[in-house]
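*Asks:* what's the 3D shape of this:
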Amino acid sequence: MSTAMVTGGLGFIGSFITRKLIEDNLVDKVILLDHYGRYISSTREGFVDFRSLRIKGLEEQIVIERGEAKYFSVLYNLLNNYQPKYIYHLAALPLAKLQNLNTQEALEGSVVSTSNFMEALGMIKQNTGYAPERFVYASSSMVYGDFHASPANELHPTSPKEIYGTMKLAGEHITNGLAKYFGIKYSIVRPSAVYGPTDMNRRVSQIFLEKAIQHKKITIHGADESLDFTYIKDIAKGFVLASTHEAAIGETFNITFGKAHTLLDFVMVLKEHFPWIEYEITRRDEFRPKRGTLSIEKAKRLLCFEPDYDLKKGVAEYVDFARKYYSNLRQ
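*Replies:* Numbers count the residues shown, from 1 in each chain. Model (predicted):
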């Protein structure tokens, strides 16, 4: 029986990768390692927990293992037991701006856990000969820091300016160095501004959508602030392609839509569904790096990656989901 392993498997991106693997019949079962934690207060008004919905219909083809990747014994035992064909490592902080974010927490998610993975895989390979066909490390476009060129390709200088991007980049270095040392085939993926159904971590897209539903004024931080918004299904598709193409071994990829839109653009697309939207534009959040379009030419060339969702199509599907499942919000 072939398996895949997804750390952070009940998370936003991890659950969509799981669904993509099963829908494409790439494995028989997917092992989801998850610690059942959350990063947004469940006491917040309007909080919704979509984790059970994320795996709806997949119950017979998944195994949920509770645990944290920062513990070597957890990884070693699971890897030795299941010997997954593909590994997708997403168990880390889900976004850059979190309440009480600290370096230790970010270090454990991106650096300690990745180091544990490499050492465990190296030991098991030496003892049994097992090695995955691919280990995929989930990084972030935040590793670039401020964009000096647009579109920014994978050779753009990496100069993160906050905790999240710094630790994600450190995890890339761990993956690059230790995977080579232990003889593990790997790929690295840098997503950007992911949005879509079941997001519950208060990304800007979720905030805008919820305010639109609730008839609340939307605050846009920065008239020209732009992000390469990427629909969740395109992100999952890119991760799977990075794990199944031989040309991806040892490579790093931007997996994004490949064209930035301003925050105002996103609100204007929402306004097509919620004509009552009101908004105000304030100064940009200086915490955030100045970003824009990411080049996906490398992913197109080596992975045959093509995004299926432009902003209008992605938002329309997201809105349909929200109208069905946001029953606790006034509409």
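*Asks:* just the terminal-to-terminal distance for stretch 214-226.
*Replies:* By CA to CA, to the nearest Å, the extent of stretch 214-226 from end to end equals 24 Å.
*Asks:* quick one: buried residues of it?
*Replies:* 218, 220, 222, 225-226 (16 or more other CB atoms under 10 Å). C-beta here means a position set from N, CA and C on the backbone, and glycine is covered the same way.
*Asks:* just those residues: which has the poorest pLDDT?
*Replies:* Minimum pLDDT for those is recorded at Gly222 (87).
*Asks:* could you export the buried residues of stretch 214-226 as JSON lines, including secondary structure and distance to Lys298?
*Replies:* Below are the buried residues of stretch 214-226 laid out as JSON lines (DSSP: H, G, I helix; E, B strand; the rest coil; distance: CB to CB, whole Å):
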{"residue": "Ile218", "secondary structure": "strand", "distance to Lys298": "35"}
{"residue": "Ile220", "secondary structure": "strand", "distance to Lys298": "31"}
{"residue": "Gly222", "secondary structure": "coil", "distance to Lys298": "29"}
{"residue": "Glu225", "secondary structure": "coil", "distance to Lys298": "26"}
{"residue": "Ser226", "secondary structure": "strand", "distance to Lys298": "21"}
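*Asks:* what is the host helix or strand of Val63 packed up against?
*Replies:* Under DSSP states H and E, the secondary-structure element containing Val63 is strand 62-66. Packing partners of strand 62-66 (3 or more CB pairs under 8 Å, 6 or more residues apart in numbering; DSSP states H and E): strand 29-34.
*Asks:* next SSE after the strand it packs on?
*Replies:* That would be, after strand 29-34 and using DSSP H and E, helix 51-54.
*Asks:* how far does that next one sit from the chain's center?
*Replies:* 16 Å (CA atoms, centre = their mean, to the nearest Å).
*Asks:* pLDDT of it, averaged?
*Replies:* 88.
*Asks:* and the pLDDT for Tyr164?
*Replies:* Reported pLDDT for Tyr164: 88.
*Asks:* would you check that it makes contact with Leu107?
*Replies:* No: counting by CB atoms under 8 Å, Tyr164 does not reach Leu107; the two are 11.2 Å apart.
*Asks:* those two - which one has more neighbours?
*Replies:* More crowded of Tyr164 and Leu107, by other CB atoms under 10 Å: Tyr164, with 22 against 18.
*Asks:* tell me which residues of the helix or strand where the more buried one lies come out buried.
*Replies:* For Tyr164, the element it lies in under DSSP H and E is helix 163-182. Residues of helix 163-182 classed as buried: 163-172, 174-175, 178-179, 182 (neighbour count, 16+ other CB under 10 Å).
*Asks:* and those, which is closest to Ile249?
*Replies:* Comparing the buried residues of helix 163-182 against Ile249 with CB to CB places Ala179 closest, at 9.7 Å.
*Asks:* any idea how far Asn254 is from that closest one?
*Replies:* 20 Å (CB to CB, to the nearest Å).
*Asks:* same question, Ser15
*Replies:* Distance, Ser15 to Asn254, by CB to CB: 22 Å.
*Asks:* and for Ser295?
*Replies:* Ser295 is 6 Å from Asn254, by CB to CB.
*Asks:* joint contacts of these two?
*Replies:* Common contact partners of Ser295 and Asn254 (CB atoms under 8 Å, 6 or more residues apart in numbering): 152-154.
*Asks:* out of the residues you listed, which end up buried?
*Replies:* The buried subset of the shared contacts of Ser295 and Asn254 (16+ other CB under 10 Å) comprises 152, 154.
*Asks:* following the helix or strand bottoming out on mean pLDDT in the chain, which helix or strand shows up next?
*Replies:* Least confident helix or strand of the chain, by mean pLDDT, DSSP states H and E, is helix 103-107 with a mean of 76. Toward the C-terminal end, the helix or strand that comes next after helix 103-107 (DSSP H and E) is helix 113-128.
*Asks:* gap between Lys216 and Gly196?
*Replies:* Counting by CB to CB - Lys216 and Gly196 are separated by 21 Å.
*Asks:* compute the inter-axis angle for the helix holding Tyr164 and helix 113-128.
*Replies:* 20 degrees (axes from the mean of the first three to the mean of the last three CA atoms, to 10 degrees).
*Asks:* who does the helix or strand just after helix 163-182 pair up with?
*Replies:* Under the assignment DSSP H and E, the closest C-terminal helix or strand after helix 163-182 is strand 186-191. The partner list of strand 186-191 in its sheet, established with DSSP bridges, is strand 134-138 (parallel), strand 251-255 (parallel).
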